[in-house]
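> any chance you can model this:
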Amino acid sequence: MQRIIKNQQIIDETWHLLPKDASFDELSNCDDYIVPLQMWRDHGHALKARDGGLGVWLDADEEAEEIGEHVADFQVIALNFPAFTDGRNYSNARLLRDRYKFTGELRAIGDVLRDQLFYMARCGFDAFAIRADKDPVDALEGLKDFSVTYQGATDQPLPLFRRR
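Here you go, the predicted model:
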């Protein structure tokens, strides 16, 4: 079982992250699933009618605007980082938190490394599925890399000079 960082604690993963080629017909009614965006597009009404928890995941080339008006339907939104050098989902995170007011779990998945966690948290992420070959205990320390931030962001909208 994978362990993730959520709300600055390491916990066991309880959600099933479905791959892009997963079939809707294979889903049980009561498990908690994070489905790919295309499955949400194709089966959104049926997914909402299930008893289990519902989340969606967006790849780096998919836009937050596609689910913006539906964020209340999801308990988890996961944003995939296919490579640590691909930062497109930082923007999606900001949009989901700031524009669409998503208050559920915003999870970073994919090639997620310790060095990124502090910046991801500033953009609104509160859960991180660290790459499988990395230690989540070590990665958790990445959230403490800096004690003061100058710029405003999702986690602290006021810049430093306004907080004084």
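
> drop to CA atoms for contacts and neighbour counts, all remaining ones
OK.

> helices and strands of this structure: which one has the lowest mean pLDDT?
helix 160-163 (a mean of 87; mean pLDDT, DSSP states H and E).

> how distant is that one from the center of its chain?
Centroid separation between helix 160-163 and its chain, computed with Cα atoms, centre = their mean, to the nearest Å, is 28 Å.

> one more: stretch 80-98?
For stretch 80-98, the distance to the chain centre is 9 Å (Cα atoms, centre = their mean).

> one more: stretch 136-153?
On Cα atoms, centre = their mean, the centre of stretch 136-153 falls 17 Å from the chain's centre.

> just stretch 106-126 next, same as before
Taking Cα atoms, centre = their mean, one finds the center of stretch 106-126 at 8 Å from the center of the full chain.

> ok, and what's touching it?
Around stretch 106-126, the neighbours that count as contacts under Cα atoms under 8 Å, 6 or more residues apart in numbering are 6-8, 76-84, 90-91, 93-94, 97, 105, 127-131, 134, 138-146, 153-156.

> emit the PyMOL select command for whichever of those are buried.
Typed into PyMOL, the line below selects the buried ones among the contacts of stretch 106-126, using 16 or more other Cα atoms under 10 Å:
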select buried, resi 6+76+77+78+79+80+81+82+90+93+94+97+105+127+128+129+130+131+139+140+142+143+153+154
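
> mind giving me the packing neighbours of the least confident helix or strand of the chain?
Counting contacts by 3 or more Cα pairs under 8 Å, 6 or more residues apart in numbering; DSSP states H and E, there are no secondary-structure elements packed against helix 160-163.

> please enumerate the helices of this structure.
In chain order, the chain shows helices spanning 37-49, 88-94, 114-122, 136-140, 160-163, with DSSP state H as the criterion.

> nearest spatial neighbour of residue 161, chain-adjacent residues omitted?
Distances taken as Cα to Cα, 6 or more residues apart in numbering place residue 150 nearest to residue 161, at 7.7 Å, with adjacent residues excluded.
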